[in-house]
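Q: my questions are about this predicted structure, shown below with the sequence.
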Amino acid sequence: SFSERRELMNRGRGVRKRTAPEKSDAFETCNEEIRVEIHQLFNKVRGYVPPAGGEWRLPDPSVVLCDPHVSHPRLQALKQSLNEVKNQLTGTVTGHLRSTTNAELCTQAWAKFYEILGTFKLLPDNALKSGELNSIHLCEAPGAFISSGLYCDWNWIANTLNPYYEANGRGCTITDDRLIAHTLPWWFFGSDNTGDIMLQKHLLELPRFVSNMRSVDLVTADGSFDCQGDPGEQERLVAPLQYCEAVCALLLLGTGGSFVLKMFTLFEHSSVCLLYLLACCFRSVNVFKPGTSKSGNSELYIVCLDYQAKEQIRPLLSKLIRNYGPDLASTVALFPRRCIPDSFLSQHEEICTFFHALQVNTIQENIKLFECMSVEQRRRLEQLREYAAEFYTRRFSVHYLPRKSWVCRGGVARWVKLCERKQMGSFNQRKEMDLQGWKQRLAHGNHGEFIERHYAGKEECEIVLSGPLDECDLGAWFALEGAALPKVCSSTFCDQEMLDFLNEALEENVRVKAVNHSDRALPVCSSCSIDSPVGILSEICSNPDVTSCLVLGRQSWCVGTLVGIKLQPEFLQGPSCCEVQDSTLHDGQPDYQFELLNTVLFDLEKQHQGSTLVIPLCSVLTRFTSGLVLILHLCFRYITFRCSSGWPPAALVCIGFSPPSALPQLLDFLRDVLEKMKKVKLELGRQILQFVPLEELLSGELPRFLSSFNTAVVRQQLHVLMQVE
């Protein structure tokens, strides 16, 4: 329950209080010009003020979402003059904070939100009086806003695109799960497990998820998309997400609550409408550029204080909820132009002009410094960086945070898969690279040499998962149902870039086969020393420690005769992998998963002490198949794998069956999972995604073993596909 989650979180975190840092006189002794520039850096804020004697009113719901979007000439002129540029002025602040505060997830996002907390009165009076704060954080991954800390009895819930849902691609998913892995009960991923806040059903489910909160005092929304392909249209591309975030906030917030929304440029009619909506609902709406936000980019934060329109907005909110989704206000305007008062539009244009000038000045300065930076200019820039870091620390009362006060008291998860998308070259160079085929891009990328290098043989023999694993809490295991996977776009247990390349290569291979009317299997690289299935089984059965060997695979996997061995393996017909050979579903296909689980269950019922099990596998990318490996980890002395020249491309080798004491309960649980899979199979668009808690899949040596397995398989497949004409 929510109350149990809150108790656990507060017990682990404790109450944190601000304490003033030790003061330094360095900033006070710097020259006036630098002090003025630093003050300007941390005071980039403008607000909307209703005209004297009047107020801005929401349009009648009957005119909402009816008219086409319009263009505002002055705003469009500002848009045309801007280009994306990065500025390094505030880069020292984050580095300084990391070295002095011991802050959790001390990223630039952490510094920005801490700055917002110190600049505005975000916490409502009723929360301050009661000492209890309730907050919801949308599009929050990896969790820097949460870890920047609120200092009271604090209950929070967060949402983001689920980094563990395999169909979520990296274009809009933050895969950094350092905080998420430790705080999973506090993350809302919705009934389909995707975490997509732009789905109407998730909007309606979220109030029930937080229903035990007294009132929602604060909502933050830090969402965006990967707009590298069209950075000039970032505002237009991200607008539907921002609408959904705002509607969600207006639905959830209690009277007097605050809302912080990340936006970018504000030149489009969609932004004008959204900001007018917020200006009509909150006592104070401010456009803020944190000093720790890169001065050359278009990022802005809309800080809305004192929510006042909870009752008045209900009719409009009902219409917005009915039309809620990824297309909300993307084809028609939220409000007609005639409903936007000139007094508001003139203020909006002034605000846009102010932030436009700041960004243009940064761009021009950067261009000059890039062309030629003198020694004096470099020295002054270093001074500015140092003074900015000191000013930030003093102004916002930054202090050292002991680990016992972290959200994740024990530190970040042992297994951390950081997979940030790296920008290489200029925008034009990236666009030119995108026009090249996947082979050319792979050859010139980070993994080119690794993929092209021929397999030397037995490279995986030393990778061993020692067991049997200690007893698990089977009482906490459950089958998680969610949206069916159309494709495995990501995996916690695989390098993201390599998986992207493999999916692209497989799709191209399927197209080529269709054009050539060919069903030919992928060839084997003649220069690689990969054992055939016959060779792998011969080696296993020649091991004196192996007294029996069962292969969970069709006899066709091992074409040939096992010679020179006394022990003959027994074959148990396993799942067919042929259907997933060219599929970007990999091991995520429900029928394949059902057959695999059913076969493993049958084997575990028949296994005897000390026996060996060999399972041909195409991959272990999904949480479902990873759970099966963990079950085998519970039951065998050690597990390793071998790459194969046949299909499937690898074999999982489990040696020394040593059943846990809870084997009967484990088998009963697997039977229940199979029954649930049969029922879910009848539901359109649904699938069992996981049956072992993520906390257990992410602990111990299992994640590294799975990552090694998938790396070997993906590398082998790409290596062969690179050579296919």
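A: All right, it came through fine.
Q: correct me, but Gly588 touches Val620?
A: No. Using C-beta atoms under 8 Å, Gly588 is not in contact with Val620; the gap is 10.7 Å. For every residue, glycine as well, the C-beta is placed using N, CA and C.
Q: relative to Thr107, how far out is Ile34?
A: 26 Å (C-beta to C-beta, to the nearest Å).
Q: list the buried residues for the helix or strand containing Asn286?
A: For Asn286, the host element (DSSP states H and E) is strand 282-289. For strand 282-289, burial by neighbour count (16 or more other C-beta atoms under 10 Å) applies to 282, 284-289.
Q: just stretch 33-46 next, same as before
A: By neighbour count with 16+ other C-beta under 10 Å, stretch 33-46 contains the buried residues 34, 38, 41-42, 44-46.
Q: among those residues, which are located in strands?
A: With strands taken from DSSP state E, the overlap with those comprises 44-46.
Q: quick one: Pro575 and Arg441, what's the gap?
A: Distance from Pro575 to Arg441, counting by C-beta to C-beta: 33 Å.
Q: ugh, typo on my part, it should be Glu32
A: With C-beta to C-beta as the criterion, Glu32 and Arg441 are 52 Å apart.
Q: neighbour count for these two, which is higher?
A: More neighbours surround Arg441 than the other of Glu32 and Arg441, with 16 against 7 (other C-beta atoms under 10 Å).
Q: helix, strand, or coil at the nearest residue to Phe594 once chain neighbours are set aside?
A: Nearest residue to Phe594, sequence neighbours excluded (C-beta to C-beta, 6 or more residues apart in numbering): Met677, at 5.2 Å. For Met677, the assignment made with DSSP: H, G, I helix; E, B strand; the rest coil gives helix.
Q: how many neighbours does Leu316 have?
A: 22.
Q: now do the contacts for the nearest residue to it once chain neighbours are set aside.
A: Closest residue to Leu316 apart from its sequence neighbours, by C-beta to C-beta, 6+ apart: Pro61 at 4.8 Å. Residues in contact with Pro61 (C-beta atoms under 8 Å, 6 or more residues apart in numbering) are 315-316, 318-319.
Q: for the longest helix along the chain, the distance to its chain's centre please.
A: What stands out as the longest helix in the chain, according to DSSP state H, is helix 342-371. Taking C-alpha atoms, centre = their mean, to the nearest Å, one finds helix 342-371 lying 32 Å from the centre of the chain it belongs to.
Q: likewise stretch 246-255?
A: 24 Å.
Q: contact partners of it?
A: Contacts of stretch 246-255 (C-beta under 8 Å, 6+ apart): 124, 136, 138, 197, 203, 206-207, 210, 215-217, 219, 221, 259, 261, 274, 277-278, 281, 307-310, 313, 317, 320-321, 324, 328.
Q: just the ones of the residues you listed in strands?
A: Using DSSP E, these in strands are 136, 138, 216-217, 219, 221, 259, 261, 307.
Q: between the buried residues of stretch 33-46, which is nearest Glu579?
A: Lys44 (56.8 Å; C-beta to C-beta).
Q: who's in contact with that closest one?
A: Contacts for Lys44 (C-beta under 8 Å, 6+ apart) come out as 288-291, 355, 358.
Q: and the furthest pair within these?
A: Checking the contacts of Lys44 with C-beta to C-beta, the most distant pair is Gly291 and Phe355, at 13.6 Å.
Q: so which of those two has more stuff around it?
A: More neighbours surround Gly291 than the other of Gly291 and Phe355, with 25 against 21 (other C-beta under 10 Å).
Q: so what does that one look like in phi/psi?
A: phi -60, psi -20 (degrees, to the nearest 10).
Q: what sits closest to it if chain neighbours are left out?
A: Nearest residue to Gly291, sequence neighbours excluded (C-beta to C-beta, 6+ apart): Phe42, at 3.8 Å.
Q: also Leu718?
A: Nearest non-adjacent residue to Leu718, counting by C-beta to C-beta, 6+ apart: Ile451, 4.9 Å away.
Q: mind checking how far the one you found is from Gln436?
A: 16 Å.
Q: again, but for Glu471
A: Distance from Glu471 to Gln436, by C-beta to C-beta: 52 Å.
Q: Leu277 now?
A: In terms of C-beta to C-beta, Leu277 sits 44 Å off from Gln436.
Q: which of those two has more residues huddled nearby?
A: Under the neighbour definition other C-beta under 10 Å, Leu277 and Gln436 were set side by side, and Leu277 has more, 25 against 12.
Q: tell me the contacts of that one?
A: 58, 246, 334-335.
Q: just the ones of those residues in helices?
A: Those of the contacts of Leu277 mapping onto helices are Ala246, per DSSP H.
Q: just give the nearest non-adjacent residue to the spatially most central residue of the chain, would you?
A: Taking C-alpha atoms, centre = their mean, the centroid of the chain lies closest to Ile174, which sits 2.4 Å from it. With sequence-adjacent residues excluded and distances taken as C-beta to C-beta, 6+ apart, Ile174 is closest to Ala141, at 3.7 Å.
Q: thought that neighbour was touching Arg178?
A: No. Contact criterion C-beta under 8 Å: Ala141 and Arg178 do not qualify, at 9.9 Å.
Q: so between the two, which is more surrounded?
A: Ala141 (24 against 20).
Q: check which helix or strand covers the more buried one.
A: Short version, using DSSP H and E: Ala141 is in no helix or strand.
Q: secondary structure element for Leu241?
A: Counting by DSSP H and E, Leu241 is part of helix 234-252.
Q: an error on my part: the question was meant for Phe594.
A: Secondary-structure assignment from DSSP H and E places Phe594 in helix 590-606.
Q: what's next to the helix or strand following that helix, contact-wise?
A: Sequence order places strand 612-617 as the next helix or strand after helix 590-606, per DSSP H and E. Applying C-beta under 8 Å, 6+ apart, the contact partners of strand 612-617 are 533, 536-537, 540, 546-553, 557, 569, 574, 577, 587, 600, 603, 607, 625, 632, 636, 641, 644, 648, 650-657, 709, 713.
Q: mind running it again at 7 Å?
A: The contact list for strand 612-617 (C-beta atoms under 7 Å, 6 or more residues apart in numbering) reads 537, 540, 546, 548-553, 557, 577, 603, 648, 650-655.
Q: and the helix or strand following that strand, how far out from the chain middle?
A: Moving toward the C-terminus from strand 612-617, the next helix or strand (DSSP H and E) is helix 623-635. Relative to the chain's own centre, helix 623-635 is displaced by 24 Å; criterion: C-alpha atoms, centre = their mean.
Q: what's the angle between helix 623-635 and helix 590-606?
A: Per axes from the mean of the first three to the mean of the last three C-alpha atoms, to 10 degrees, the angle that helix 623-635 makes with helix 590-606 is 10 degrees.
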